[in-house]
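Chemist: Give me a model of this one.
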Amino acid sequence: MSALHPLPHPLLEPGALFEGALFRSLLSTREVMLDPGMRLGVFKLVREIGRGGMGVVWLAERDDGEYQQRVAIKCIVDQRSEQGAELFRHERQILSELRHPNIARLLDGGRRDDGLLWFAMELIEGVAIDRHAIEGALPLDARLRLFAAAVDAVSVAHGHLVIHRDLKPSNVLVDADGSAKLLDFGIAALADEGAAVRAYSPGWASPEQRAGESVTAASDQFQLGVLLDAVLRRREQPANPGDDGDPIDAAQWMAMPRYRKRELQAVLARACASAPAARYRSVAELGHELERMLQNRPVGARAMGRHSLYPLASAMRRRPGVFAASAAVVMLIAALIGTFTVRLARERDTSRVEAARAESIKDFLVGLFRDGDPTRGIDPDLSARELIQAGVLRVESDLSLPHNARDELLQLLADIQLRLGDGKHAGALMQRLDRAALDAGMLAEMEGRLASVEGRAEDAMRHLEAAVAHGDTPERQLLLVRAENDAGEGGKAALRLAALLRNEPALPDALAASAWVALGVQHWREGKPNESLADYDRALARGANASTPISPVAMRINKGLALNDLGRFDEALAEYRSAEDELARFPNFRHQGLILQNRGITLLRRGDVKDAQAVWLSLLTQVDDGVNPGLEASTVHNLASAADRLGDPFAAMDYSLRAERLREQLGDAPSALSSRINVIAKLYSVGLADEGVRMAALAAARAQSLSRPDLAARARLAGATSSCEIDAQTCVALLEASAAEFAAQEN
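Modeler: Below you'll find the predicted structure:
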């Protein structure tokens with residue numbers, strides 16, 4: 001499959017609207033005399049309130065009798081040009097549409113006959129962000145949250161193709177409500193080449209600005225890094241610090257924990273790298289780093305070696321405040337201790353070697369249990385996932401454990417990680433197991449579980465078939481049913497599940513409940529949501545009668561999907577809330593992600609597109625570390641849908657291409673092609689209809705080779721949509737052909 005060609009469109013580069021040779025030649029910095037009482041549009045100048053290299057700023061009042069309004073008016077001067085006047089109106093329109101709660105809005109503007117360009121901006125009365133943080137003695141997290149709001153505003157502006165170019169404390173004010181407000185967004189870009197080079201403050205400029213090179217979004221990122229350094233300081237920074245040397249001086253920062261200082265140093269070293277290519281890929285990525293820091297999650301800028309304790313230390317600093325999660329950990333480890341205590345009793349009569357091995361395992365588990373005991377005050381919010389990872393580190397570092405005991409413990413811990421949905425750590429641990437010493441059926445089952453967690457359905461099916469061949473158990477049969485459904489083998493799954501349910505009364509409660517959930521999923525995929533709901537109620541009833549607690553989380557997640565299809569959105573959201581509450585007793589990383597994933601789907605279908613987008617962006621910060629690549633891929637795919645609904649085709653295509661790459665890495669060719677088709681469907685909207693028609697034909701051929709007529713029909717529909725921009729007759733013919741294909745599939 002050939003890669004998508006770069007889109008030859010000037011809007012793709014943030015700020016490109018203001019970079020053309022035509023517009024660079026329009027402006028100069030001639031002095032214009034302004035006096036109080038003069039009118040600009042409907043505004044009357046009151047007094048000058050600021051002056052800089054890019055012009056002068058006046059306080060002004062609305063003077064047309066309509067209503068009272070005070071604004072800040074910024075004035076710059078251009079050379080007289082009718083083309084320039086028209087382009088100025090166009091760019092002013094773009095800036096007026098730049099709306100964000102942390103950006104001072106452009107309210108009006110115009111061009112006088114003498115060449116004066118003026119902008120009426122929202123008047124912000126506040127203090128510079130660094131002074132607000134220092135004089136208010138804000139704690140570290142409050143400073144980071146305040147700064148993160150500014151980062152988000154810059155990121156949104158970049159998404160609208162606008163670069164600031166002059167980010168410094170005096171352009172980021174904090175108002176009386178404590179909100180950061182960015183001033184002068186996009187104004188610096190309305191300068192000619194020479195003025196643009198001068199339109200920065202020396203102590204805050206990026207290396208490429210000081211060198212007179214092209215300015216991109218990466219320059220704003222550099223300036224944000226320097227600005228964060230100022231916000232973190234104990235004392236206010238000089239108005240124009242020197243240009244030479246490292247702009248970041250951590251020795252001047254406020255008091256903070258050592259680990260946080262190291263994180264911030266790593267983040268700023270990357271954001272303020274001399275070469276733009278060495279910085280974060282976008283300001284949004286910098287914002288995600290700050291969010292992860294505030295959530296006590298590991299930041300990507302810090303190096304994490306194979307044996308690094310940094311991720312574990314970050315996890316242990318998170319305190320979600322759920323005491324029941326600690327109880328679940330205690331129950332989990334207690335069950336393990338009980339299992340090995342029974343085994344110990346059996347093996348004490350065999351040999352001293354076996355007894356010593358069993359005793360070592362028992363002592364290890366007791367120690368792990370003791371560290372997870374919430375009454376001991378070590379970490380009352382330590383989750384099962386974090387505790388098991390701590391156990392892995394202990395096994396690998398405890399040289400007193402016998403070799404065979406170490407292997408058995410690592411296998412046990414890997415199996416628990418898989419059941420918790422932690423594919424990243426389980427996969428890494430499985431690579432270190434002595435596979436020759438493992439039971440072949442158990443190894444195949446673990447490989448199948450890992451593939452399922454990672455979203456590799458066909459691999460999961462292959463491994464679980466091997467596990468069943470080595471030892472046919474109801475649990476393995478049920479795992480295989482799920483893998484077959486995920487791989488599109490619904491017929492096989494239905495037959496296997498029917499055989500299981502024929503013996504349902506004899507199944508253990510947990511397996512019987514899971515079997516009813518699997519049948520509910522099958523009915524849902526067949527478009528029978530009401531039957532699904534009945535199946536889930538049976539699962540819930542069987543679980544309620546169990547002698548030991550059974551997790552209802554999966555049932556509630558899937559029940560929400562069925563309610564979605566029936567348009568019962570509020571009920572679906574209530575199911576997700578219940579599932580989230582149950583996670584405190586039955587922790588599972590994959591289930592946690594699926595709850596957020598499906599909550600976003602419900603909100604999107606209810607019409608709350610921005611809320612859905614916010615949920616998925618939050619989820620993406622949790623799954624972009626490789627723990628669950630399948631969930632990451634589906635999250636990015638959903639973000640593409642949200643961006644499309646919000647009228648942002650470039651963001652939609654970017655997310656779809658990212659989803660395609662992730663799905664290709666997972667070996668999921670049909671899903672990768674689905675993401676590519678989503679890109680094709682949007683090409684016409686950005687002026688690339690010819691490319692859309694060409695790529696649609698390639699995608700349809702690829703779908704045929706995969707024996708996926710549904711994807712072939714979607715590809716042809718995407719091509720038909722693009723052809724409508726080229727030739728109406730061809731468009732109608734292709735649309736009719738697409739409709740016939742969908743009808744043949746009863747789709």
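Chemist: Can you pull the phi/psi pair for residue 57?
Modeler: phi -120, psi 130 (degrees, to the nearest 10).
Chemist: Excluding chain neighbours, what is closest to it?
Modeler: Once flanking residues are discounted, residue 57 sits nearest to residue 50: 3.9 Å by Cβ to Cβ, 6 or more residues apart in numbering. All C-beta spots, glycine's among them, are computed from the backbone N, C-alpha and C.
Chemist: what's around that neighbour, how many residues?
Modeler: A count of nearby residues for residue 50, using other Cβ atoms under 10 Å, gives 13.
Chemist: roughly how far apart are it and residue 251?
Modeler: Counting by Cβ to Cβ, to the nearest Å, the separation of residue 50 from residue 251 is 32 Å.
Chemist: repeat for residue 170
Modeler: As judged by Cβ to Cβ, residue 170 and residue 251 stand 24 Å apart.
Chemist: and those two? which has more neighbours close in?
Modeler: Neighbour count, other Cβ under 10 Å: between residue 170 and residue 251, residue 170 has more, with 18 against 7.
Chemist: Could you measure from that one over to residue 184?
Modeler: Taking Cβ to Cβ, one finds residue 170 at 10 Å from residue 184.
Chemist: just so I have it, where are all the helices in the stretch 601-747 of the chain?
Modeler: For the stretch 601-747 of the chain, the helices defined by DSSP state H, counting those that start in this stretch occupy 609-623, 629-645, 649-665, 669-683, 689-705, 709-723, 728-744.
Chemist: what does the first one contact?
Modeler: The contact list for helix 609-623 (Cβ atoms under 8 Å, 6 or more residues apart in numbering) reads 288, 291-292, 295, 297, 592-593, 596-597, 599-601, 603-604, 631-632, 635-636, 638-639, 642-643, 645-646.
Chemist: and what of the fourth one?
Modeler: Residues outside helix 669-683 that contact it (Cβ under 8 Å, 6+ apart) are 1, 4, 488, 633, 637, 640, 644, 649, 652-653, 656-657, 659-661, 663-664, 689, 691-692, 695-696, 699, 702-703, 706, 708, 711, 714-715, 717-719, 721-722.
Chemist: Just the buried ones from those residues?
Modeler: Buried subset of these (neighbour count, 16 or more other Cβ atoms under 10 Å): 4, 488, 633, 637, 640, 644, 649, 652-653, 656-657, 659-660, 663-664, 689, 691-692, 695-696, 699, 702-703, 708, 711, 714-715, 717-719, 721-722.
Chemist: my read: residue 516 touches residue 532, true?
Modeler: No: using Cβ atoms under 8 Å as the test, residue 516 is too far from residue 532 to be in contact (10.3 Å).
Chemist: a strand runs through residue 74, doesn't it?
Modeler: Yes: counting by DSSP: H, G, I helix; E, B strand; the rest coil, residue 74 is part of a strand.
Chemist: The nearest residue to residue 708 once chain neighbours are set aside and residue 663: what is the separation?
Modeler: Of all residues not flanking residue 708 in the chain, residue 670 sits nearest, at 5.4 Å (Cβ to Cβ, 6+ apart). Applying Cβ to Cβ, the value for residue 670 to residue 663 is 9 Å.
Chemist: Tell me, how many residues neighbour residue 261?
Modeler: Residue 261 has 16 nearby residues by other Cβ under 10 Å.
Chemist: and residue 651, what does it touch?
Modeler: 159, 639-640, 643 are the contacts of residue 651 under Cβ under 8 Å, 6+ apart.
Chemist: closest to residue 439 among those residues?
Modeler: Of all the contacts of residue 651, residue 639 has the smallest distance to residue 439: 41.8 Å, by Cβ to Cβ.
Chemist: quick one: that closest one and residue 656 touch, right?
Modeler: No: the pair residue 639 and residue 656 does not pass the contact test of Cβ under 8 Å, sitting 9.1 Å apart.
Chemist: roughly how far out does the helix or strand hosting residue 424 sit from the chain middle?
Modeler: In the assignment (DSSP states H and E), residue 424 maps to helix 423-430. Relative to its parent chain, helix 423-430 has a centroid offset of 22 Å by Cα atoms, centre = their mean, to the nearest Å.
Chemist: With stretch 133-148 instead?
Modeler: So, by Cα atoms, centre = their mean, the centroid of stretch 133-148 is 24 Å from its chain's centroid.
Chemist: ok, back up a step: narrow the contacts of helix 609-623 to just the buried residues.
Modeler: Going by neighbour count (16+ other Cβ under 10 Å), the contacts of helix 609-623 have 288, 291-292, 297, 592-593, 596-597, 599-601, 603-604, 631-632, 635-636, 638-639, 642-643 buried.
Chemist: quick one: contacts for the spatially closest residue to residue 184 that is not a sequence neighbour?
Modeler: Nearest non-adjacent residue to residue 184, counting by Cβ to Cβ, 6+ apart: residue 171, 5.6 Å away. Residue 171 makes contact with 164, 182-184, according to Cβ under 8 Å, 6+ apart.
Chemist: Per-residue pLDDT of residue 171, please?
Modeler: What the model reports as pLDDT for residue 171 is 88.
Chemist: Put the alpha carbons of the host helix or strand of residue 259 into PDB.
Modeler: Assigned by DSSP H and E, residue 259 belongs to helix 258-271. C-alpha atoms of helix 258-271 as PDB (Å, rounded to 0.1, in the frame of the first residue of the first chain):
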ATOM      1  CA  ARG A 258      13.500  16.600  43.100                       C
ATOM      2  CA  TYR A 259      11.600  14.200  40.800                       C
ATOM      3  CA  ARG A 260       9.400  17.100  39.500                       C
ATOM      4  CA  LYS A 261      12.400  19.200  38.900                       C
ATOM      5  CA  ARG A 262      14.000  16.500  36.800                       C
ATOM      6  CA  GLU A 263      10.800  16.000  34.800                       C
ATOM      7  CA  LEU A 264      10.500  19.800  34.100                       C
ATOM      8  CA  GLN A 265      14.200  20.000  33.100                       C
ATOM      9  CA  ALA A 266      13.700  17.100  30.700                       C
ATOM     10  CA  VAL A 267      10.500  18.700  29.200                       C
ATOM     11  CA  LEU A 268      12.000  22.100  28.800                       C
ATOM     12  CA  ALA A 269      15.300  20.700  27.400                       C
ATOM     13  CA  ARG A 270      13.200  19.200  24.600                       C
ATOM     14  CA  ALA A 271      10.800  22.200  24.100                       C
END
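Chemist: which residue ranges form the helices in the stretch 1-150 of the chain?
Modeler: Assigned by DSSP H, counting those that start in this stretch, the stretch 1-150 of the chain shows helices spanning 21-24, 82-96, 129-135, 140-159.
Chemist: how far out from the middle of the chain is the longest one?
Modeler: Read it as helix 140-159. With Cα atoms, centre = their mean, you get 16 Å for helix 140-159.
Chemist: Toward the C-terminus, what is the element adjacent to it?
Modeler: Assigned by DSSP H and E, the successor of helix 140-159 is strand 172-174.
Chemist: ok, that following strand: who's next to it in the sheet?
Modeler: strand 127-128 (antiparallel), strand 180-182 (antiparallel) (DSSP bridges).
Chemist: which one of those strands lies closest to residue 554?
Modeler: strand 180-182 (42.1 Å).
Chemist: show me where pLDDT drops low in the stretch 501-650 of the chain?
Modeler: Where the stretch 501-650 of the chain drops to pLDDT under 70, the residues are 547-549, 584-585, 587-589, 624-628.
Chemist: same thing with the stretch 101-250 of the chain?
Modeler: Short version for the stretch 101-250 of the chain, where the test is pLDDT under 70: 186-200, 237-246.
Chemist: same thing but 90
Modeler: Residues of the stretch 101-250 of the chain meeting the criterion pLDDT under 90: 101-126, 136-137, 153, 155-166, 170-171, 175-179, 182-205, 208-217, 234-250.
Chemist: hmm, back to that, looking at the strands paired with strand 172-174, which is buried most?
Modeler: strand 180-182 (a mean of 23; mean count of other Cβ atoms under 10 Å).
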